[in-house]
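> Sequence first, then the predicted structure, then my questions.
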Amino acid sequence: MEPGFVLDRGHNSAATNVATWFSGVPVRNWWRGIRTKGLEQVELTTHLCKKCGYVEFRATEKRDK
């Protein structure tokens, strides 16, 4: 397993991005939020068990940095 994080990119409830995993640890930038430049990025899909509520994320494809 490789450490990483998922960003919440919602803005005014607009659905404009798919959840994305970023490599490494989040580094805050006071001007632009979390720094992502140069980090590996992978889009995610989710699966839900309707019986128990378990949610699982799966990597789908790498994105350009």
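All right, it came through fine.
> residues in contact with the helix or strand containing Ala59?
For Ala59, the enclosing helix or strand under DSSP states H and E is strand 55-63. Strand 55-63 is contacted by residues 6, 19-21, 40-49 when judged by Cβ atoms under 8 Å, 6 or more residues apart in numbering. For the C-beta atoms, the positions are set from N, CA and C on the backbone; glycine is no exception.
> what about the protein, any weak spots by pLDDT?
Judged by pLDDT under 70, the chain has its weakly predicted residues at 9-16, 62-65.
> Strands along that one, start to end?
Remark: strands assigned in the chain by DSSP state E are 4-6, 20-23, 28-29, 33-34, 41-48, 55-63.
> what's the offset of the strand holding Ala59 from the middle of its chain?
Going by Cα atoms, centre = their mean, to the nearest Å, the spacing between the C-alpha centre of strand 55-63 and its chain's C-alpha centre is 9 Å.
> May I have the strands that pair with that strand, each with its orientation?
According to DSSP bridges, strand 55-63 forms sheet pairs with strand 41-48 (antiparallel).
> quick one: the partner strand to chain centroid distance?
Offset of strand 41-48 from its chain centre (Cα atoms, centre = their mean): 8 Å.
> ok, now stretch 26-33?
16 Å.
> Could you turn the buried ones of the contacts of strand 55-63 into a PyMOL selection?
Buried subset of the contacts of strand 55-63, written as a PyMOL selection, criterion 16 or more other Cβ atoms under 10 Å:
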select buried, resi 20+21+41+42
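> okay if I get the contacts of strand 55-63 as a markdown table plus distance to Arg58?
Output for those, formatted as a markdown table (distance: Cβ to Cβ, whole Å):
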| residue | distance to Arg58 |
| --- | --- |
| Val6 | 12 |
| Ala19 | 11 |
| Thr20 | 13 |
| Trp21 | 10 |
| Glu40 | 16 |
| Gln41 | 15 |
| Val42 | 10 |
| Glu43 | 10 |
| Leu44 | 7 |
| Thr45 | 5 |
| Thr46 | 8 |
| His47 | 7 |
| Leu48 | 12 |
| Cys49 | 14 |
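> Between which two of the contacts of strand 55-63 is the distance greatest?
The most widely separated members of the contacts of strand 55-63 are Glu40 and Cys49, with 28.6 Å between them, by Cβ to Cβ.
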